[in-house]
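1. Could you work out the structure for the sequence below:
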Amino acid sequence: MAVFDSELNKIVVRIVYDGPARSGKTSNLKSLCEVFTVPRRSELHSPGETAGRTTYFDWLHVDSGIVRGCALRSQFLTVPGQKVLARRRLSLLSEADAIVFVVEGQRELLHEARQMFRLLQERAKKERKEPIPIVIQLNKSDLVNAVSPDDLRSDFGLNWDFPVLSASAENGTGVKETAVLAMRGAANRVSILSAEAGVLALKGNSGSPAALQLQLDDLDGIEGYCPVAALQLEKEERSESQRRENTREAVHKALRRSDPRQSSTLHTALPPLPTAEVASGCIWPAATGRQLLRSLSFDDAIHRVDLSGNLGTQDGSGRSDTYIFQVGGYCVKTSERRRRESFDKGKSMMIEAARNKVMLGSLTPAGTVISLHQSQTKQFWLWTTTPWLPTLRSLMKSAVEESSKNKLTSALDHYATSIVLSAKLAARDGIILDVHPSNFALEEGRLRYIDDDVTLGSQIPTLGYSLLKRVEEYGDFVEPTRSYVEQIIKSLTSELNAGERQRLDIRGLIRDTIVQGDSAKQAQRLLLDSLPI
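-> Got it, this is the predicted structure:
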């Protein structure tokens, strides 16, 4: 279900609470309303509730972090537990980015939950190209006859490391921990999906409780179904979907006509390239920025389709929604997310971007220019111009192609440095960077952050995933990955104090990351064993 909602300018994921009837799903969301402050969350919506029983869903959304430089909103939904409403339950589960399976912890109730969970696992593996993370919450664990997490894993036939949390939804114990673990799982999953297809490919409408209720009514036609409203909603959604598809196809056609090895002929669907002749206040830094743009020959700009769009991943950075041009020795880029409908909104975006570059200090490449330009369609695009630098991701890919252990070791060691540096910025200054290796580059041997996404916060949700993903990717190169993990351990313990590691929840982020492959799992255990609590 993960979508990039351009109106909210946020990635929205859906976390669905499943489990037998009366296991405590609704109680979890009610308790979350006490955990998260009002500015971060919505009100709890429970349409059609009858005698305390959920007949549609419970809905709560929480603004919950950053993924690939975008703000993340998590929609928490419960499903109706009654068997007669199974079609509604399955429809809600089909759009989940993470699932919390709530089990009432009395042994005599485990049989029904076990059968339900096995079917859930089969569906989660079968229906999605990227596995859906599942967390089990052992609710009502404060009761005398409640089973332990280990007992439940044994009864359900699960591995020792499957996430099972004890909780009591009524008094709030374990509720936040469950939600945070599910949010991390959803964030990891959407990070993978957006790396493959770009944030723009996730573009869509995040929906509302009213629209979802109509969708479920349309599914089974029971009471409350309004044919006129449902048909109108379907018509609007179909029209909006067709409009987005037409826009996307126009962009893709333009990209296909662009040769990354030759000067590109710009298509009307593409944003206008920068120019030094912009209004006062629309370029940063003002004097040197204009001078640099005047020195570049934009007539010879090369549209690097191989590095952006949905057409290729030649540098190993994954697909993205960014428009990248190579102009001499400079990289000139913008994206759909950096487009605004009015000058005032564009100017505000530019001021924030310039402030971020200043805030990063020496991490910002020398010669960086930010400029705001108006297109013929009266839209405003924010461009960033920086020296063309080799990204850590491209260095890793090149090392693998050459089967060079030394080069891979060097690239991974630099990435370890970028991870720890990002952790220090988050812990001490509240600055959150996107820690994907395509966002860091080397300039004369020194690290630079070349992405435009900088946010404020206290945690890096994808830190554990990004850290362990490199071991998962390069596990066949034993010595480089061993050196990489050792440097991570050494730097995290020497450059961050215990309070900073705890505030960042580094152990939790590493522990809760779902990894594949023996090398990544071994690295995960080594990190957890080596990092002080």
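2. Report the mean confidence score over stretch 296-309.
-> Stretch 296-309 shows a mean pLDDT of 81.
3. quick one: low-confidence ranges for the stretch 51-200 of the chain?
-> 51-53, 82-84, 124-129, 196-197, 200 (pLDDT under 70).
4. Check the stretch 401-533 of the chain too.
-> 533.
5. per-domain residue ranges of the protein.
-> As assigned by automatic domain parsing, the chain contains the domains 3-197, 283-387, 392-530.
6. Can you add distance to residue 208 and give these back as a markdown table?
-> Bear in mind the C-beta positions are built from the backbone N, C-alpha and C, glycine included. Formatted as a markdown table, the domains of the chain follow (distance: least, C-beta to C-beta, whole Å):
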| stretch | distance to residue 208 |
| --- | --- |
| domain 3-197 | 9 |
| domain 283-387 | 22 |
| domain 392-530 | 25 |
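7. So the residue nearest to the spatial centre of the chain versus residue 488, what's the distance?
-> For the chain, residue 67 is the residue whose C-alpha lies nearest the centre (C-alpha atoms, centre = their mean; 3.1 Å). Noted for residue 67: a distance of 21 Å to residue 488, by C-beta to C-beta, to the nearest Å.
8. same check, this time on residue 86
-> 46 Å.
9. quick one, which of those two is more surrounded?
-> Neighbour totals were compared for residue 86 and residue 488, and residue 488 leads with 29 against 13 (other C-beta atoms under 10 Å).
10. Okay, and that one sits in which element?
-> Under the criterion of DSSP states H and E, residue 488 resides in helix 478-495.
11. just checking, what packs against that helix?
-> On a contact count with 3 or more C-beta pairs under 8 Å, 6 or more residues apart in numbering; DSSP states H and E, helix 478-495 meets helix 405-429, helix 463-473, helix 518-530.
12. just the ones you listed: most buried one?
-> Greatest average neighbour count among the helices and strands packed on helix 478-495 goes to helix 463-473 (a mean of 23), per mean count of other C-beta atoms under 10 Å.
13. and it, what does it pack onto?
-> helix 175-197, helix 405-429, helix 478-495, helix 506-511, helix 518-530.
14. tell me the angle that helix makes with helix 478-495.
-> Angle between the axes of helix 463-473 and helix 478-495 is 160 degrees (criterion: axes from the mean of the first three to the mean of the last three C-alpha atoms, to 10 degrees).
15. Can you tell me what sits against helix 463-473?
-> Helix 463-473 has contacts (C-beta atoms under 8 Å, 6 or more residues apart in numbering) with 184, 187-188, 191, 396, 412, 415, 419, 422-423, 435-437, 481, 484-485, 488, 504, 506, 508-513, 515-517, 519-520, 523-524, 527.
16. again with stretch 19-28
-> When contacts are defined by C-beta under 8 Å, 6+ apart, stretch 19-28 is touched by residues 17-18, 46, 52-54, 58, 78-79, 81-83, 100-104, 109, 112-113, 116, 137, 139-140, 167, 169-170, 175, 178-179.
17. for residue 460, helix, strand, or coil?
-> coil (DSSP: H, G, I helix; E, B strand; the rest coil).
18. Repeat that for residue 71.
-> Reducing the assignment at residue 71 to three states with three-state DSSP gives strand.
19. Next up, the contacts around it.
-> 9-11, 63, 65, 455.
20. Please pick the buried ones from the residues you listed.
-> 10-11, 65, 455 (16 or more other C-beta atoms under 10 Å).
21. Among those residues, which are located in strands?
-> Members of the buried ones among the contacts of residue 71 lying in strands (criterion: DSSP state E): 10-11, 65, 455.
22. can you map out the helices along the stretch 51-200 of the chain?
-> Secondary structure of the stretch 51-200 of the chain (DSSP state H, counting those that start in this stretch): helices located at 86-93, 110-127, 149-156, 175-197.
23. could I get those helices as a markdown table with distance to residue 451?
-> Formatted as a markdown table, these follow (distance: least, C-beta to C-beta, whole Å):
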| stretch | distance to residue 451 |
| --- | --- |
| helix 86-93 | 34 |
| helix 110-127 | 32 |
| helix 149-156 | 39 |
| helix 175-197 | 13 |
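24. out of the ones you listed, deepest packed?
-> Counting by mean count of other C-beta under 10 Å, helix 175-197 has the highest mean neighbour count of the helices of the stretch 51-200 of the chain, with a mean of 23.
25. That one versus helix 463-473: what angle between them?
-> Going by the same axes, to 10 degrees, helix 175-197 makes 50 degrees with helix 463-473.
26. Residue 117: what's its closest spatial neighbour, skipping adjacent residues?
-> Using C-beta to C-beta, 6 or more residues apart in numbering and skipping residues adjacent in sequence, the residue nearest residue 117 is residue 101, 5.7 Å away.
27. just checking, the one you found touches residue 119?
-> No: between residue 101 and residue 119 there is no contact under C-beta atoms under 8 Å: 11.1 Å.
28. where in the stretch 201-350 of the chain is pLDDT low?
-> Judged by pLDDT under 70, the stretches of the stretch 201-350 of the chain that qualify are 219-269, 308-320.
29. Show the contacting residues for the closest residue to residue 192 other than its chain neighbours.
-> Spatial nearest neighbour of residue 192, chain neighbours left out: residue 130 (5.6 Å); criterion: C-beta to C-beta, 6+ apart. Contact analysis of residue 130 by C-beta under 8 Å, 6+ apart lists 189, 192-193.
30. Please apply the same query to residue 342.
-> For residue 342, the contacting residues are residue 380, by C-beta under 8 Å, 6+ apart.
31. got the buried residues for stretch 368-384?
-> 368-373, 380-384.
32. what's the first-to-last distance across it?
-> Using C-alpha to C-alpha, to the nearest Å, one end of stretch 368-384 lies 7 Å from the other.
33. Would you map the helices across the stretch 251-400 of the chain?
-> For the stretch 251-400 of the chain, the helices defined by DSSP H, counting those that start in this stretch occupy 286-295, 343-360, 392-401.
34. Redo the ones you listed as TSV? Include mean neighbour count.
-> Output for the helices of the stretch 251-400 of the chain, formatted as TSV (neighbours: other C-beta atoms under 10 Å):
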stretch	mean neighbour count
helix 286-295	15
helix 343-360	16
helix 392-401	20
